[in-house]
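In: using only what follows, build the 3D model:
(one chain, ligands or ions: 2)
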Amino acid sequence: MIAHDNDAGRDGPDDDYGSPACMIHLVDPASGALSDQDPRQQQDLKRWRSVERERLVALRRAIPAEERRGLSDRIARELDRLLGDLSGKTVAAYLPFRGEPDLRFWIEGLSVRGAIAALPVVVAPRSPLEFRTWSRGEPLRPGVWTIPVPAGGTLVTPDVVIAPVVGYDAACYRLGHGGGYYDRTLAALPRRPRIVGVGYERLALRTIYPQTYDVPTDAIVTEAGVSTR
Ligand SMILES: Nc1nc2c(c(=O)[nH]1)N(C=O)[C@@H](CNc1ccc(C(=O)N[C@@H](CCC(=O)O)C(=O)O)cc1)CN2
Ligand SMILES: Nc1ncnc2c1ncn2[C@@H]1O[C@H](COP(=O)(O)OP(=O)(O)OP(=O)(O)O)[C@@H](O)[C@H]1O
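Out: Ligands and ions are numbered 1, 2, ... in the order given. Sure, this is the predicted structure:
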């Protein structure tokens, strides 16, 4: 625990009888989690993440479409190598947006391999995502940020979650779009799925300065291969 301003100047005998220093400023109002960080440090971290997100999304969007297709193909091959036989498994992936790897063909192929594909749906701000089944030809509707989401589908708990990354670090933590949606979702699921982050090799960061609410992935898959914890 680090020293805080309200600990200062307390050196008299009264301290033995006074109320303990108020710690409410260390409680994250969103999650209720007790942080081990100073609010100013948290503000700095938020700002740093926001600057990095902008930089990395720009980097990702700058990849020409044809190169992106090639990278997405290689990511799909790496996913197959990592995941192996998926028959009987429910796999949540995503439809690409803002330069994310395009895994549509891989998602569409899941049913051929006996797996069930699902897509994330934002149901409310600052709440866990829902995963709804989807297969090729089934209707989609625009969701938040106009990302298409299943118009119908069945609510499922995935065995595997393929989560797009804006950035990732050496300890397999992911930086997302800043909504905290995947973190909230993974924290709330009844059983922990296998979590695989996907992105391009160039989105690597030394660390994302993981916080207590950041849920690490089990593996990060890029066009260059798989890194695991
Ligand atoms: N393809 C794809 N689908 C996905 C995700 C994703 O990252 N990629 N998501 C992964 O989560 C969910 C949607 N995520 C969202 C994340 C943030 C905001 C949002 O409103 N962001 C704020 C900025 C937040 C900040 O930077 O502090 C905004 O744009 O105003 C909306 C949706 C579900 N579907
Ligand atoms: N389990 C949780 N419960 C409540 N709030 C949470 C939880 N996880 C994250 N948050 C909140 O969400 C905010 C954004 O988190 P973070 O920066 O990790 O987003 P992200 O990982 O980039 O986004 P995403 O998870 O949507 O891809 C944090 O400031 C945090 O307060």
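
In: return the residues of this protein in contact with ligand 1.
Out: The chain comes close to ligand 1 at residues 50, 94-97, 100, 120, 122, 129, 144-145, 147, 164, 176-179, 181-182, as judged by C-beta under 6 Å from any ligand atom. Any C-beta I mention is one placed from the backbone N, CA and C, and that applies to glycine too.

In: can I get the buried part of those residues as one PyMOL selection?
Out: Only the buried entries of the residues of the chain next to ligand 1 go into this PyMOL selection, using 16 or more other C-beta atoms under 10 Å:
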select buried, resi 94+95+100+120+122+129+147+164+176+177+181+182
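
In: of the residues of the chain next to ligand 1, which belong to strands?
Out: Counting by DSSP state E, those place 120, 164 in strands.

In: out of the residues of the chain next to ligand 1, which are inside helices?
Out: Counting by DSSP state H, the part of these found in helices is 50, 181-182.

In: of all the residues you listed, which comes closest to ligand 1?
Out: Nearest to ligand 1 among these: residue 181, at 3.5 Å, using C-beta to the nearest ligand atom.

In: please report how far the closest residue to the closest one other than its chain neighbours lies from ligand 2.
Out: Distance criterion C-beta to C-beta, 6 or more residues apart in numbering; nearest residue to residue 181, sequence neighbours excluded, is residue 129 at 5.2 Å. Using C-beta to the nearest ligand atom, to the nearest Å, we find residue 129 at a distance of 8 Å from ligand 2.

In: now swap in residue 121 and tell me
Out: 13 Å.

In: likewise for residue 164?
Out: 8 Å.

In: shouldn't that residue be in contact with residue 100?
Out: Yes. If you go by C-beta atoms under 8 Å, residue 164 and residue 100 touch, sitting 4.5 Å apart.

In: which neighbours do the two have in common?
Out: 94, 199 (C-beta atoms under 8 Å, 6 or more residues apart in numbering).

In: what sits opposite residue 164 in the beta ladder?
Out: residue 198 (DSSP bridges).

In: let me know the pLDDT of residue 38.
Out: With respect to pLDDT, residue 38 scores 86.

In: pull out the buried residues from stretch 104-121.
Out: By neighbour count with 16+ other C-beta under 10 Å, stretch 104-121 contains the buried residues 106-107, 109-110, 115-121.

In: over to stretch 136-156?
Out: Neighbour-count burial for stretch 136-156 [16+ other C-beta under 10 Å]: 143, 147, 149-150, 153, 156.

In: closest one of those residues to ligand 1?
Out: Nearest to ligand 1 out of the buried residues of stretch 136-156 is residue 147 (C-beta to the nearest ligand atom; 4.7 Å).

In: pretty sure that closest one contacts residue 121?
Out: No. When contacts are counted by C-beta under 8 Å, residue 147 is not listed as touching residue 121 (9.3 Å).
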